[in-house]
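[1] Sequence plus the predicted model coming up.
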Amino acid sequence: MIILIDPYTEERLAKSLAGRPGFFKLFYDTENCGCNGVLAIEIIEHPLETDIKITVKTFTFLVDKQQESLFDKVLKLEADRAYPSFKVTSDSALYSTNVRIKDVRDIANT
């Protein structure tokens, strides 16, 4: 899998990390959803054994092996300039136009 980002998105991702190490996990969140899931990105401290690592410039994205088939081979991640969210697309699909990044690094330690 390949994830393409532009310079503005790269800047926003770096800001989300706040100078701390972390991984961006891309997944469909089905908890309390009642649907097929909502696309989400979380910043986590450590990958799980079932995660696939995707290097994008200086960042590492993770996708669970079981969810990898839900995504196209090449994804585009674009930061919204007017709103604190991201758009995830491919050449053949629009996955979401309102993906927020949730930092759960400290939550895992409590």
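    Nice, I can see it.
[2] Can you give me the end-to-end span of stretch 12-31?
    Stretch 12-31 has an end-to-end distance of 26 Å (CA to CA, to the nearest Å).
[3] Report the mean per-residue pLDDT for that stretch.
    In this model, stretch 12-31 has an average pLDDT of 92.
[4] Do a quick rundown of the strands in the chain.
    Ranges of strands in the chain, per DSSP state E, are 2-5, 23-29, 38-44, 51-56, 59-64, 74-79, 86-89, 94-99, 101-103.
[5] buried set for the fourth one?
    Looking back up the chat, that one is strand 51-56. By neighbour count with 16 or more other CB atoms under 10 Å, strand 51-56 contains the buried residues 51, 54, 56. The C-beta positions use only the backbone N, C-alpha and C, and glycine is treated the same way.
[6] what are the bridge partners for residue 55, then?
    Beta-bridge partners recorded for residue 55 (DSSP bridges): residue 60.
[7] now residue 5
    Beta bridges link residue 5 to residue 77, judged by DSSP bridges.
[8] Count the residues that sit near it.
    20 (other CB atoms under 10 Å).
[9] show me the residues around it that make contact.
    13, 56, 57, 76, 77, 78 (CB atoms under 8 Å, 6 or more residues apart in numbering).
[10] State the pLDDT value of it.
    Confidence score, pLDDT, at residue 5: 98.
[11] thinking again about what came up before, now tabulate the buried residues of strand 51-56 in JSON lines and tack on distance to residue 66.
    Below are the buried residues of strand 51-56 laid out as JSON lines (distance: CB to CB, whole Å):
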{"residue": "51", "distance to residue 66": "10"}
{"residue": "54", "distance to residue 66": "15"}
{"residue": "56", "distance to residue 66": "21"}
